[in-house]
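Enquirer: based on what follows, work out the 3D shape:
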Amino acid sequence: MLDKFGRNINYLRLSITDRCNLRCKYCMPDGCDMVAHEDILSYEEFLRLTRLFTSLGVEHVRVTGGEPLARKGAAGFVRALKALPGVKKVSMTTNGTLLEKYAAALAEAGLDSVNISLDTTDPALAREITGSDGVVDAVRGSIALMRSLGVPVKLNAVLLAETAGTVTELARFAEEGVPVRFIELMPMGVGRFERGYDPDAALAELKRVWPDLHAVDARIGSGPAQYYASAALKAPIGFIDAVSHRFCSSCNRVRLTSRGFLKPCLCFDEGADLRALLRSGAADAEILGEIEKCVFNKPRQHCFDSPQDMTESRLMSQIGG
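Expert: Here you go, the predicted structure:
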């Protein structure tokens, strides 16, 4: 499925809920509005839409939230996605704190990989960021458990000003064979009012610990990270720095929110209300036409470096990670 700039859109991110058990201050702080239950797509609606996307060439589906495991039946949904014709990979992004309960079911359902989010290994800082205790220990346990079940794990960390001094300790997960990706803070929602940590400064800090750290032509999954390797590391360290080092020319993804709104670009509120079509009784052909039109008109690039041009005002939890 090509957009008007010739990019092949083969990666769909499904946000199955806007709920989360954590309250990370740059994503979903206390007091944010929740989507009414009846406004969230059912699993059957998600599956119908995913079938249409796969008929257009989508091969990789990532299940996100909110926190996807906060929604009952997430493992069964993964199993159903894996059974769809054309789906080659189903992955999940999670905060990791609920994985102990669902890890075995997810592995048995055929989950191909999982990205676990953790912004610091400092328990006090983690409590300040997420609003919850025990996050660091829970994530460490979840990483070990998923690896023991044979499910590949990557660790995601948003670069925040207050965690700048802890990036090295996070990167040490790569010494254990877990790829680590540092993600530049995006000016989305309340993230506009938080201070990030410069990715280039973070890389320089890591090079003081691993002087031979060097860029490698590696691709792990469908993401856009630039990876770096060291002889002392069993896995690479990546940077996803969408704001300072734009990679829109190779963007291959679209997002479907929990309310069924198809977003071709994070920066803008333009897209397609697929839920309205579903619930008005639209035939597959009509929905396919709307998907194709929305994808074809995917913007050339984001405008994170010009926040005044952004038209998207929703929180990341309301859009989908």
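Enquirer: residues near residue 133, how many?
Expert: 12 (other Cβ atoms under 10 Å). Just so you know, the C-beta spots here come from the backbone N, C-alpha and C atoms, and that holds for glycine as well.
Enquirer: gap between the nearest residue to it once chain neighbours are set aside and residue 81?
Expert: Excluding the flanking residues, the one nearest residue 133 by Cβ to Cβ, 6 or more residues apart in numbering is residue 127, at 5.6 Å. The gap separating residue 127 from residue 81 is 34 Å, by Cβ to Cβ, to the nearest Å.
Enquirer: give me the more crowded residue out of these two.
Expert: The neighbour comparison of residue 127 against residue 81 (other Cβ under 10 Å) goes to residue 81, with 24 against 15.
Enquirer: how about the more buried one, what does it touch?
Expert: 47, 50, 61, 63, 87, 90 (Cβ atoms under 8 Å, 6 or more residues apart in numbering).
Enquirer: among these, name the ones in strands.
Expert: 61, 63, 90 (DSSP state E).
Enquirer: ranges for the strands of this protein?
Expert: 11-15, 60-64, 89-94, 113-117, 153-159, 180-184, 214-216, 226-229, 237-240, 253-256, 261-263, 272-273.
Enquirer: got the buried residues for stretch 158-171?
Expert: Within stretch 158-171, the residues that count as buried by 16 or more other Cβ atoms under 10 Å are 158-160, 162-164, 166-167, 170-171.
Enquirer: over to stretch 50-63?
Expert: 50-54, 56, 58-63.
Enquirer: pLDDT (mean, whole number) over stretch 212-229?
Expert: Confidence over stretch 212-229 (mean pLDDT, whole number) is 87.
Enquirer: so that it lines up with my notes, have the first residue be 15 from now on.
Expert: Noted, 15 is the first residue going forward, which turns the last one into stretch 226-243.
Enquirer: ok so, going back, please convert the ones in strands among the contacts of residue 95 to CSV, extending it with pLDDT and distance to residue 235.
Expert: Shown next, in CSV, are the ones in strands among the contacts of residue 95 (pLDDT from 0 to 100; distance: Cβ to Cβ, whole Å):
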residue, pLDDT, distance to residue 235
75, 98, 12
77, 98, 14
104, 98, 12
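Enquirer: tell me which of these is nearest to residue 333?
Expert: The closest of the ones in strands among the contacts of residue 95 to residue 333 turns out to be residue 77 (Cβ to Cβ; 14.5 Å).
Enquirer: roughly how far does the nearest residue to that closest one once chain neighbours are set aside sit from residue 258?
Expert: Leaving aside its chain neighbours, residue 77 sits nearest to residue 106 (4.6 Å; criterion: Cβ to Cβ, 6+ apart). For residue 106, the distance to residue 258 equals 27 Å [Cβ to Cβ].
Enquirer: ok, residue 302 next?
Expert: 37 Å.
Enquirer: for residue 37, find the nearest of the strands of the chain.
Expert: So among the strands of the chain, strand 127-131 is nearest, using Cβ to Cβ, at 13.4 Å.
Enquirer: list the helices and strands that closest one packs on?
Expert: Packing partners of strand 127-131 (3 or more Cβ pairs under 8 Å, 6 or more residues apart in numbering; DSSP states H and E): strand 103-108, helix 113-123, helix 149-162, strand 167-173.
Enquirer: out of these, which comes closest to residue 253?
Expert: The nearest among these, by Cβ to Cβ, is strand 167-173 at 8.7 Å.
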